[in-house]
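> what would the 3D arrangement of this be:
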Amino acid sequence: MKVGITLPTFAPSPAAALATARGAEDAGIDGVFAFDHLWPGANKSRPALSMYPVLAAVASTTRHIRIGSLVARVGLVPDQLIVESFLGLHEVSGHRVVAALGVGDAKSFSENEAYGIAWPALEDRRTSLAAVLDQLIGSGVECWVGATAPVTLEIARAAGATVNLWDVDLDRVEAEAGRGSATWAGPLPLEAAPAARKLTDLRAAGAAWAIWGWPSSVELVSETIRLAGLQDRRD
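Purely as a prediction, here's the structure:
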């Protein structure tokens with residue numbers, strides 16, 4: 001099982017995100033991921049860095065760590081812009097990109113509304129998701145789909161994408177891993193020993209990746225990986 005982290009992009013400057021990415025690469029962490037939000041959670045007063053430029057900057061300042069979205073939301077920008085952005089990242093990173101995509105939900109609607117961005121109907125967003133996946137996977141980009149709804153998961157499976165599950169229980173991970181490739185993302189305990197136990201359990205459940213969103217430090221992640229026995233056994 002590979003281990004990744006989300007970057008601290010809810011900030012006025014990219015300095016911390018870039019430093020974290022370089023530190024993660026030096027520490028042997030497998031991947032770094034950025035959120036696609038216009039503000040963090042319900043707090044509209046806090047800044048949020050734009051995902052695509054952050055990932056491009058990370059790609060240019062790292063050598064081998066995987067970089068990805070968590071997740072790029074269909075319906076926030078035009079479909080073709082999503083495709084071209086990931087194809088560009090795919091090239092400048094040396095094919096290290098994970099294009100994790102989603103159709104959004106009620107929690108993200110307010111971001112579209114605040115900026116006057118049309119919010120397509122769910123079925124239209126799912127149609128767009130399938131079309132974007134077809135182009136990206138056809139171009140050799142690794143794709144994940146962040147979802148829990150069966151209809152959206154079926155679109156992911158049909159396209160050959162990996163399923164990404166946010167903070168679901170181990171039974172759900174095991175069930176989805178039994179149907180195809182599945183990854184997990186979410187918060188972990190902020191102490192190494194219990195976090196290591198969770199990583200061990202996720203691996204046993206069949207998760208291909210565990211993405212820690214956001215840990216307090218790269219050092220904590222490294223210690224957790226060591227305690228979980230994952231540092232020399234990346235599947």
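
> drop to CA atoms for contacts and neighbour counts, all remaining ones
Fine.

> excluding chain neighbours, give the residue nearest to the residue most central in space within the chain in space.
When the chain is reduced to its mean C-alpha position, the nearest residue by Cα atoms, centre = their mean turns out to be Leu70, at 2.7 Å. Using Cα to Cα, 6 or more residues apart in numbering and skipping residues adjacent in sequence, the residue nearest Leu70 is Phe35, 5.0 Å away.

> touching, that neighbour and Gly68? I think so.
No: contact between Phe35 and Gly68 fails when scored by Cα atoms under 8 Å: they sit 9.0 Å apart.

> so these two - more neighbours on which side?
Gly68 (31 against 24; other Cα atoms under 10 Å).

> now do the SS call for Pro215.
coil (DSSP: H, G, I helix; E, B strand; the rest coil).

> so who does it touch?
5-6, 187-188, 190, 221 (Cα atoms under 8 Å, 6 or more residues apart in numbering).

> return a ChimeraX selection command for the buried portion of those.
Here the buried members of those are turned into a ChimeraX selection, burial being counted by 16 or more other Cα atoms under 10 Å:
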select :5,6,187,188,221
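
> take the contacts of Pro215 and keep only those in strands.
5-6 (DSSP state E).

> farthest-apart pair in the contacts of Pro215, please.
Thr6 and Leu190 (14.4 Å; Cα to Cα).

> so what's the model's average confidence on stretch 178-187?
Averaged over stretch 178-187, pLDDT sits at 97.

> from memory Ser216 sits against Pro189, does it?
No: using Cα under 8 Å, Ser216 is not in contact with Pro189, being 10.0 Å away.

> out of the contacts of Pro215, which comes closest to Val77?
Of all the contacts of Pro215, Val77 sits closest to Thr6, with 21.6 Å by Cα to Cα.

> show me what that closest one bridges to in the sheet.
Phe33 (DSSP bridges).

> for it, give me its contacts.
With Cα under 8 Å, 6+ apart, Thr6 has these contacts: 32-35, 70, 211-215.

> how much space between it and Leu38?
16 Å (Cα to Cα, to the nearest Å).

> Asp124 now?
22 Å.

> the more surrounded of the two?
Set Asp124 next to Leu38 and count neighbours by other Cα under 10 Å: Leu38 wins out with 21 against 14.

> the more buried one reaches Glu111, doesn't it?
Yes: Leu38 is in contact with Glu111 according to Cα under 8 Å; the separation is 6.4 Å.

> need the residues touching each of these two.
By Cα under 8 Å, 6+ apart, no residue touches both Leu38 and Glu111.

> sorry, back to before: most widely separated two among the contacts of Thr6?
Top of the distance list for the contacts of Thr6 (Cα to Cα): Leu70 and Pro215, 15.1 Å.

> okay, and Val83 sits in which element?
Assigned by DSSP states H and E, Val83 falls within helix 79-92.

> that helix packs against which elements?
Helices and strands touching helix 79-92, by 3 or more Cα pairs under 8 Å, 6 or more residues apart in numbering; DSSP states H and E, are helix 51-61, strand 97-102, helix 122-138.

> C-terminal to the first one, what's the next element?
Next in sequence after helix 51-61, counting helices and strands by DSSP H and E, comes strand 66-69.

> repeat that for the second one.
Using DSSP H and E, the helix or strand that follows strand 97-102 in sequence is helix 106-114.

> kindly report the same for the longest one.
Using DSSP H and E, the helix or strand that directly follows helix 122-138 along the chain is strand 142-146.

> partner strands of that following strand and their direction?
Here strand 142-146 has these sheet partners by DSSP bridges: strand 97-102 (parallel), strand 162-166 (parallel).
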